[in-house]
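> just coords:
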């Protein structure tokens, strides 16, 4: 069964549909710790939605479906981002967002997972510098 990682953009879309996304019959969904961090920043820590998300993260951890970037993933992300900014200095203001997306892409290779995203621009750009599986959901 193929492993996939939903980018933050996909989780946001799915969450708006009230957890109709839990059907994972045709793939193994893996949660990137980078995506989890991006998502949790949007929650009020006293809300019911935060508690639901926290339970989801704990479930993913208990079922060994959390992906944490390694030191080399972080290091290689810095290298790739440096190349991107060198070739595209106009993107310097997007460096933090690109860093997270690049880290998701590079770490996905640890488990040969496909990244599913609606963020076509960033992930196409990253794919010019590093080989990883990606599918665009617009």
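Right, received. Where do you want to start? Since the structure is predicted, the reported quantities are computational estimates derived from the model, not experimental observations. Numbering: from 1, shown residues only.

> list the buried ones in the helix or strand of the chain with the lowest mean pLDDT?
The weakest-scoring helix or strand in the chain, judged by mean pLDDT, DSSP states H and E, is helix 8-16 (a mean of 84). Residues of helix 8-16 classed as buried: 8, 9, 10, 11, 15 (neighbour count, 16 or more other C-beta atoms under 10 Å). For every residue, glycine as well, the C-beta is placed using N, CA and C.

> so which of the residues you listed would you say is closest to residue 96?
Using C-beta to C-beta, residue 8 comes nearest to residue 96 of the buried residues of helix 8-16, at 13.2 Å.

> contacting residues around the closest one?
35, 38, 39 (C-beta atoms under 8 Å, 6 or more residues apart in numbering).

> and those residues, which of them are in helices?
Taking DSSP state H, the ones among these that sit in helices are 35, 38, 39.

> now tabulate the residues you listed in a markdown table and tack on neighbour count and distance to residue 71.
As requested, these are exported to a markdown table (neighbours: other C-beta atoms under 10 Å; distance: C-beta to C-beta, whole Å):
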| residue | neighbour count | distance to residue 71 |
| --- | --- | --- |
| 35 | 22 | 19 |
| 38 | 19 | 21 |
| 39 | 17 | 24 |
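
> which residues of this protein fall in helices?
Under DSSP H, the chain gives helices at 8-16, 33-40, 48-62, 71-87, 95-108, 120-127.

> report all helices and strands that the last one contacts.
Packed against helix 120-127 by the contact rule (3 or more C-beta pairs under 8 Å, 6 or more residues apart in numbering; DSSP states H and E) you find helix 71-87, helix 95-108, strand 133-136.

> how about the last one, which residues are buried there?
Within strand 133-136, the residues that qualify as buried are 133, 134, counting by 16+ other C-beta under 10 Å.

> that strand: partners in the sheet, and parallel or antiparallel?
Within its sheet, and counting by DSSP bridges, strand 133-136 is paired with strand 114-117 (parallel).

> report the mean per-residue pLDDT for the partner strand.
Strand 114-117 shows a mean pLDDT of 96.

> cool, stretch 91-103 as well?
In the prediction, stretch 91-103 has an average pLDDT of 95.

> contacts for it, please.
Here stretch 91-103 has contacts from 7, 34, 38, 69, 73-74, 77, 80-81, 84-85, 117, 119, 122-123, 125-126, 130, using C-beta under 8 Å, 6+ apart.
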